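Visitor: missing the sequence, but the structure's below:
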């Protein structure tokens, strides 16, 4: 009976244990005073670049780091004349290299897909706001120095000049069938009449300088002078990148092109020619002409050279072989325009009527030095115009170069010969020409 007495004494110690816990809740109320420091959240970019804020200020992280960085930036004022909310790089010109940390959060960053090592940290800040809208600004802003040179360029979407047009294309074949050049390499050909500021604004973006006839690019509506902007959603900066991405991309391959607001100079086309006689007049028969694809200058010849190929396809072969540094396997007739002149150029193209042709042919006569006259014709006046004007540009440039200002000024005062071609003299072919087949 004496054994049951000890157990009741054991429950007495537990009641004393609950007394310490009430003292523990007292310290937590002191913790809330620390959060009031973020009251300086008035900076709208604090939420987007929260992780990048601590590295920017030297010591006081509790203060508003963006108020300290955005205000002193002199370069931030110029870009912010446009909507600053759309261009985070315009506001954070210098701190841009500091926020590499937020890069993992931007899963849709196109630069990560490109696999470029160095540009990824610099390009990462663009993704949280509008990666597609400012992707072309990343390169110019990746270093602090170029940021000051960018504002003078009037740019729009994708960092390209305002006023142009955009279109999408899809390629299903392994090759695109075009050749890309840098804009600066085309100032003597396609961009001969393009404003210098527009050429500079394009930077080194790939410009279509040659298209293979019948290629997938031609079928997709791509034309000379168009600028390739994106390949499979990835921004393209130069012709080398364009070639690599097109080769490695999937099929069908989506492309984004930009058409600059400028006149692209194309001085080539299919014509009927005659260059094997000393006569300056048109041949008596339409069958005396030879069909040729005429190119003034172009991307594989000097600006003052006129090359004639048997067809556009053979010209394509010549371009491809020349770019590949292989011997040209097709026939080509070459004529130098140095010192040449156009017969009676002041009156515009001449015309000749053949009895077996419905419409008169328009033609010009080029008089080279120490060679037979070169007659170039076309049944369509608009088709003759590019080559005619291409030759005129070469001759006018030579006259200016030789200091012949008087002779150069005379044609300049003349009206457009194609606007008054109805007054051009017409030469009728011989009567028996219509019976020759």
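Guide: Received it, and whenever you're ready, just let me know what you need. Note that the coordinates shown come from a computational prediction; the quantities given were computed from them, not determined experimentally.
Visitor: Spit out the contact partners of residue 384.
Guide: The neighbours of residue 384, taking CB atoms under 8 Å, 6 or more residues apart in numbering as the test, are 269, 271, 349, 362, 363, 364, 376, 377, 378. Using the backbone N, CA and C atoms, a C-beta is placed for each residue, glycine as well.
Visitor: Also residue 324?
Guide: Applying CB under 8 Å, 6+ apart, no residues contact residue 324.
Visitor: residue boundaries of the helices in the stretch 201-350 of the chain?
Guide: Taking DSSP state H, counting those that start in this stretch as the criterion, the stretch 201-350 of the chain carries its helices at 216-219, 239-248, 312-323.
Visitor: Compute the mean per-residue pLDDT across the longest one, please.
Guide: Think helix 312-323. Looking at helix 312-323 alone, the average pLDDT works out to 95.
Visitor: Okay, now the unreliable bits of this structure?
Guide: Scanning the chain for pLDDT under 70 picks out the ranges 1-157, 403-437.
Visitor: rerun that using 50 as the cut-off
Guide: Counting by pLDDT under 50, the chain shows low-confidence ranges at 1, 10, 12, 15-19, 22-154, 404-414, 421-437.
Visitor: Tabulate the helices of the stretch 201-350 of the chain (a markdown table), appending mean neighbour count.
Guide: Putting the helices of the stretch 201-350 of the chain into a markdown table (neighbours: other CB atoms under 10 Å) gives the following:
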| stretch | mean neighbour count |
| --- | --- |
| helix 216-219 | 18 |
| helix 239-248 | 17 |
| helix 312-323 | 17 |
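Visitor: Could you dump these into JSON lines and include distance to residue 383?
Guide: Written out in JSON lines, the entries for the helices of the stretch 201-350 of the chain read as follows (distance: least, CB to CB, whole Å):
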{"stretch": "helix 216-219", "distance to residue 383": "18"}
{"stretch": "helix 239-248", "distance to residue 383": "30"}
{"stretch": "helix 312-323", "distance to residue 383": "13"}
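Visitor: of the ones you listed, which approaches residue 278 most closely?
Guide: The closest approach between residue 278 and any of the helices of the stretch 201-350 of the chain, judged by CB to CB, belongs to helix 312-323 at 27.6 Å.
Visitor: give the contact list for residue 195.
Guide: For residue 195, the contacting residues are residue 262, taking CB under 8 Å, 6+ apart as the criterion.
Visitor: I'd like the distance between it and residue 201.
Guide: From residue 195 over to residue 201 the distance is 9 Å, taken as CB to CB, to the nearest Å.
Visitor: Kindly report the same for residue 340.
Guide: Between residue 340 and residue 201 the distance is 36 Å, computed by CB to CB.
Visitor: Repeat that for residue 181.
Guide: Taken as CB to CB, the spacing of residue 181 relative to residue 201 amounts to 16 Å.
Visitor: ok, those two, which is more surrounded?
Guide: Under the neighbour definition other CB atoms under 10 Å, residue 181 and residue 201 were set side by side, and residue 201 has more, 21 against 18.
Visitor: Correct me if wrong: that one contacts residue 163.
Guide: No - with contact taken as CB atoms under 8 Å, residue 201 and residue 163 are classed as non-touching, separated by 10.7 Å.
Visitor: Now do the strands in the stretch 151-300 of the chain.
Guide: According to DSSP state E, counting those that start in this stretch, the stretch 151-300 of the chain carries its strands in the segments 165-171, 178-181, 207-211, 227-231, 234-235, 253-259, 268-274, 290-296.
Visitor: Other residues contacting stretch 225-239?
Guide: Applying CB under 8 Å, 6+ apart, the set of residues contacting stretch 225-239 is 110-111, 113-114, 135-136, 138-139, 158, 160, 166, 180-183, 186, 190-191, 202-208, 242, 245-246, 249-250, 253-260, 262, 264.
Visitor: Check which residues of that stretch are buried.
Guide: Residues 225-237, 239 are the ones in stretch 225-239 that count as buried (16 or more other CB atoms under 10 Å).
Visitor: Repeat that for stretch 198-215.
Guide: Of the residues in stretch 198-215, those buried (16+ other CB under 10 Å) are 198-199, 201-212, 215.
Visitor: swap in stretch 264-279?
Guide: When neighbours are counted by 16+ other CB under 10 Å, the buried residues of stretch 264-279 are found to be 264, 265, 266, 267, 268, 269, 271, 272, 273, 274, 275.
Visitor: So which of the helices of the stretch 201-350 of the chain is nearest residue 284?
Guide: Counting by CB to CB, residue 284 lies closest to helix 312-323 out of the helices of the stretch 201-350 of the chain; the figure is 28.3 Å.
Visitor: on contacts alone, who are the packing partners of the closest one?
Guide: For helix 312-323, the helices and strands in contact under the criterion 3 or more CB pairs under 8 Å, 6 or more residues apart in numbering; DSSP states H and E are strand 290-296, strand 305-309.
Visitor: would you list the ones you listed in TSV and tack on mean neighbour count and distance to residue 316?
Guide: Putting these into TSV (neighbours: other CB atoms under 10 Å; distance: least, CB to CB, whole Å) gives the following:
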stretch	mean neighbour count	distance to residue 316
strand 290-296	21	10
strand 305-309	22	9
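Visitor: Take those and lay them out in CSV including distance to residue 385.
Guide: Converted to CSV, those look like this (distance: least, CB to CB, whole Å):
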stretch, distance to residue 385
strand 290-296, 12
strand 305-309, 16
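Visitor: These: which one's closest to residue 368?
Guide: Smallest distance to residue 368 across the helices and strands packed on helix 312-323 (CB to CB): 8.8 Å, for strand 305-309.
Visitor: what residues does the closest one touch?
Guide: When contacts are taken as CB under 8 Å, 6+ apart, the neighbours of strand 305-309 outside the stretch itself are 273, 292-298, 301, 315, 318, 330-337, 366, 374, 391.
Visitor: and it, which strands flank it?
Guide: Strands that pair with strand 305-309, judged by DSSP bridges, come out as strand 290-296 (antiparallel), strand 332-336 (antiparallel).
Visitor: Dump the strands of the stretch 151-300 of the chain to TSV, plus distance to residue 395.
Guide: Formatted as TSV, the entries for these read as follows, by distance: least, CB to CB, whole Å:
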stretch	distance to residue 395
strand 165-171	33
strand 178-181	25
strand 207-211	24
strand 227-231	30
strand 234-235	42
strand 253-259	30
strand 268-274	17
strand 290-296	11
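Visitor: Now do the buried residues in the longest helix along the chain.
Guide: Identified as the longest helix of the chain according to DSSP state H is helix 381-401. Going by neighbour count (16+ other CB under 10 Å), the buried part of helix 381-401 is 381, 384-399.
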